[in-house]
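> Structure, please.
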Amino acid sequence: MTQPEPDSRLLRLLPWSDDDGKTALLSTDGTETYLSRLADRVEEQQIETAAIVLKLTQPMVEDGAKKLTVPELRWAARRLIESLTELLVIAESRGQRIPPYAEPDDADK
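From the prediction side, this is the model:
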């Protein structure tokens with residue numbers, strides 16, 4: 001006997017992947033669990049890290065900033081790409097957990 005596929009609205013995209021780079025999902029009924037709290041903390045840390053990376057790299061491209069070396073530019077680009085990638089996963093995960101809009105009643109039309 002095969003198990004039914006879980007409702008996709010009950011799958012949470014986690015802010016990490018496996019060793020092969022495949023996304024990790026948590027099957028949940030919407031209740032708070034140890035793993036969901038851990039995912040929340042990781043997301044918070046990723047958001048904080050992105051803010052720090054932005055704060056550090058923004059002055060590098062301001063008018064009047066010192067000329068950057070190729071390694072410095074690569075460092076900045078890599079950190080920005082890492083942060084943006086993590087933030088996009090967080091946004092996708094949170095977007096998937098937003099309930100769909102309710103259908104309007106006939107009286108609302």
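> right, and Thr23 touches Pro15 too?
No - using Cβ atoms under 8 Å, Thr23 is not in contact with Pro15; the gap is 9.9 Å. Placement of C-beta: from N, CA and C, glycine included.
> Looking at the two now, which is surrounded by more residues?
Relative neighbour count places Pro15 above the other of Thr23 and Pro15, with 22 against 13, counting by other Cβ atoms under 10 Å.
> In a strand, that one, correct?
Yes - counting by DSSP: H, G, I helix; E, B strand; the rest coil, Pro15 is found in a strand.
> Roughly how far does it sit from Ala51?
From Pro15 across to Ala51, the span is 16 Å (Cβ to Cβ, to the nearest Å).
> what about the strands in the protein?
Secondary structure of the chain by DSSP state E: the strands cover 11-17, 23-27.
> Give the residues shared as contacts by Thr23 and Pro15.
Val89 (Cβ atoms under 8 Å, 6 or more residues apart in numbering).
> where along the protein do the helices fall?
34-57, 70-96 (DSSP state H).
> TSV for the ones you listed, including distance to Thr28 and mean pLDDT?
Formatted as TSV, those follow (distance: least, Cβ to Cβ, whole Å; pLDDT from 0 to 100):
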stretch	distance to Thr28	mean pLDDT
helix 34-57	6	96
helix 70-96	11	94
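> need these in CSV with distance to Asp19, can you?
Formatted as CSV, the helices of the chain follow (distance: least, Cβ to Cβ, whole Å):
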stretch, distance to Asp19
helix 34-57, 17
helix 70-96, 17
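> Surely Ser83 touches Leu56?
No - the pair Ser83 / Leu56 is not scored as a contact, 10.6 Å apart, by Cβ under 8 Å.
> if you count what's nearby, which of the two comes out ahead?
Ser83 (19 against 13).
> residue contacts, the more buried one?
46, 49-50, 53-54.
> Going by neighbour count, which of those are buried?
The neighbour-count test (16 or more other Cβ atoms under 10 Å) marks 46, 50, 53 as buried among those.
> Just give me the residue right at the centre of the protein.
For the chain, the residue nearest the mean C-alpha position is Ile90 (1.8 Å; Cα atoms, centre = their mean).
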